[in-house]
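> sequence and predicted structure below; questions after.
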Amino acid sequence: MPKAQETVLEIDLGALTHNFNYLKSKLQPETKFLAVVKAFAYGSDSVEVAKHLQNLNVDYLAVAYAKEGVALRDAGVTTPILVLHPQPINFKTIIKRCLEPSIYNAKVLKEFIKVAEEQSQTDYPIHIKFNTGLNRLGFGENDVDYIVSKLKTTKAVVAKSIFSHLAASEDANEKLFTNHQIESFIVTAKKFESKIGYKPWLHLSNTSGAINYPEAHFNMVRCGIGLYGFGNSAREDENLKPIASLKSVISQIHKIEKDETVGYNRAYKSKGFEKTATIPLGHADGINRIYGNEKGFVIIKGKKAPIIGNVCMDMIMVNITNIDCKEGDEVVVFNTNYKASDLAESANTISYEIITSISQRVKRSYIRQ
């Protein structure tokens, strides 16, 4: 790719293919693969990513909200789409656009059945979410009888799958808890199957679950962060390729004397004669204020340039005193060599947060080979 001349997020679809194939290699041939493309495909481009995964014959896609699924349908994506956190106000739209809802409590179940019956649906696929310890969304094991009773009194819907979510599958110190979740899910699944009289698909594993707990792959795994190049461990990061590179340019260089200040609230004071560079990238673009005041950094000419002062809405200033560079030179915020996880760690956060924060106003470009 040519050097950046403005702020741009480069998305490498070849890296996406690599990550997809690597994660698929962890599965049995019959195990289905669900790709999570919520939050603009973790801050990249949900349409381009979903279309590429569709071309790779992914089995399912998942989004958080109905609106995200509608955007994919509008773009021509035909792969089945699971909506992980639907709201009743969107149920008619979900049915109209052939999206499949996660059903996570009694209110949602009753209301979706009602809408499906009003829309004259038969065997509309729904996915029953159980809580096994994450304590976020989901029915409890004791709700199985209630769910089955509701499903047996209607022909409008059918349980395509039952699923849950692991809380700490990346953490070796939480192996006991993860195994407890797996066992709890198996117990609930068997109870559900015995009472409903058929066998829905089962899925539990996220990226780290797919890597660390092969016994919990069941019929399908749901991978999100791994597709985008992060394996939740240094070892697995080596097997994956970040698909996104955030780059910008130096707009202006300043030379400042000792005790001069930089940026809003005079948050940075020069320790001597220094050079600073202003870059067209700020908290409106996803570089949050937490990265200011020398917590975060960018890469210029292969060297770290600390972010100084408070991050502005549209700009950051960095210290380039020891870097031989000029206005117009490229700036790397993260890429394959300088990972988003490294920048995130500098501010005591996680890669998920920084990559999903990249604003939609940032230009996207694509590497397609």
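Received, thanks.
> when you work out contacts or count neighbours from here on, use the C-alpha atoms and nothing else.
Will do.
> how about the contacts made by D145?
192, 195 (CA atoms under 8 Å, 6 or more residues apart in numbering).
> which SS class is it?
What DSSP: H, G, I helix; E, B strand; the rest coil gives for D145 is helix.
> and the next helix or strand past the one helix or strand I253 maps to?
For I253, the host element (DSSP states H and E) is strand 252-256. For strand 252-256, the following helix or strand on the C-terminal side (DSSP H and E) is strand 261-262.
> what pairs with that next one, parallel or antiparallel?
Take DSSP bridges as the rule and strand 261-262 pairs in its sheet with strand 268-269 (antiparallel).
> any idea how far the partner strand is from the chain center?
35 Å (CA atoms, centre = their mean, to the nearest Å).
> contacts made by that strand with the rest, please.
Applying CA under 8 Å, 6+ apart, the contact partners of strand 268-269 are 258-262, 293, 308-310.
> at 7 Å what do you get?
Around strand 268-269, the neighbours that count as contacts under CA atoms under 7 Å, 6 or more residues apart in numbering are 259-262, 293, 308-309.
> please indicate which of the residues you listed are buried?
Neighbour counting over the contacts of strand 268-269 (16 or more other CA atoms under 10 Å) leaves 261-262, 293, 308-309 as the buried ones.
> now, among those residues, which is nearest to F218?
Set against F218, the nearest of these by CA to CA is N293 (46.8 Å).
> give the contact list for the closest one.
268, 307-310.
> which one of the contacts of strand 268-269 sits closest to E353?
Nearest to E353 among these, counting by CA to CA, is N293 at 18.8 Å.
> helix, strand, or coil at that closest one?
With three-state DSSP as the basis, N293 sits in coil.
> quick one: it and V262, what's the gap?
Noted for N293: a distance of 10 Å to V262, by CA to CA, to the nearest Å.
> what of K191?
K191 sits 63 Å away from V262, taking CA to CA as the criterion.
> what count of nearby residues applies to the residue nearest to D237 when sequence neighbours are not counted?
Using CA to CA, 6 or more residues apart in numbering and skipping residues adjacent in sequence, the residue nearest D237 is G231, 4.9 Å away. Neighbourhood size, G231 [other CA atoms under 10 Å]: 24.
> with the one 5 residues further on instead?
In terms of burial, E236 registers 14 neighbours under the definition other CA under 10 Å.
> can you give me the strands for the stretch 201-350 of the chain?
Assigned by DSSP state E, counting those that start in this stretch, the stretch 201-350 of the chain shows strands spanning 201-203, 220-223, 244-249, 252-256, 261-262, 268-269, 274-279, 297-300, 303-308, 316-319, 330-334.
> what's the closest of these to Q121?
Among those, the nearest to Q121 by CA to CA is strand 201-203 (20.8 Å).
> okay, now the unreliable bits of the chain?
Scanning the chain with the threshold set as pLDDT under 70 gives 1.
> can you do 50?
Applying pLDDT under 50 to the chain flags no residue at all.
> what ranges does it have for its helices?
With DSSP state H, the ranges of helices along the chain come out as 13-24, 38-43, 46-55, 66-74, 91-96, 106-118, 144-152, 175-196, 207-212, 234-237, 340-346, 351-356.
> mind listing what's buried in the shortest one?
By that I understand helix 234-237. Per 16+ other CA under 10 Å, helix 234-237 contains these buried residues: D237.
> for it, C-alpha coordinates in PDB please.
Output of helix 234-237 as PDB, limited to C-alpha atoms (Å, rounded to 0.1, in the frame of the first residue of the first chain):
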ATOM      1  CA  ALA A 234       0.700 -13.600  23.100                       C
ATOM      2  CA  ARG A 235       1.100 -17.200  21.800                       C
ATOM      3  CA  GLU A 236      -2.000 -17.100  19.800                       C
ATOM      4  CA  ASP A 237      -1.400 -13.600  18.500                       C
END
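> what's the closest non-adjacent residue to the residue positioned nearest the centre of the chain?
In the chain, the centroid-proximal residue (CA atoms, centre = their mean) is Y42; its distance is 3.5 Å. Nearest residue to Y42, sequence neighbours excluded (CA to CA, 6+ apart): T356, at 4.8 Å.
> what's near enough to touch the one you found?
Contacts for T356 (CA under 7 Å, 6+ apart) come out as 39, 42-43.
> distance of it relative to I323?
The spacing between T356 and I323, counted by CA to CA, is 30 Å.
> cool, and S270?
Distance, S270 to I323, using CA to CA: 16 Å.
> follow-up on the earlier one: from the contacts of T356, which single one is nearest T93?
T93 has its nearest neighbour among the contacts of T356 in A39, at 19.1 Å by CA to CA.
> count of neighbours near the closest one?
17.
> show me what contacts it?
Going by CA under 7 Å, 6+ apart, A39 touches T356.
> isn't Q369 up against G14?
Yes: if you go by CA atoms under 7 Å, Q369 and G14 touch, sitting 5.6 Å apart.
> out of the two, which sits in the busier spot?
More crowded of Q369 and G14, by other CA under 10 Å: G14, with 16 against 8.
> any buried residues in stretch 139-156, and which?
Using 16+ other CA under 10 Å as the test for burial, stretch 139-156 gives 139-141, 144, 147-148, 151, 156.
> cool, stretch 168-175 as well?
By 16+ other CA under 10 Å, the buried positions in stretch 168-175 come out as 168-170.
> ok, residues contacting it?
178, 208-209, 232.
> now do stretch 211-229
In this structure, residues lying in contact with stretch 211-229 by CA under 7 Å, 6+ apart are 16, 19-20, 26, 31-37, 182, 201-207, 210, 237, 240-243.
> please list only the buried members of these.
Those of the contacts of stretch 211-229 that meet the buried threshold are 16, 19-20, 31-37, 182, 201-207, 210, 237, 240-243, by 16+ other CA under 10 Å.
> quick check, F112 in contact with I89.
No: in this structure, F112 sits apart from I89 without contact. The criterion is CA under 7 Å, and the distance is 9.9 Å.
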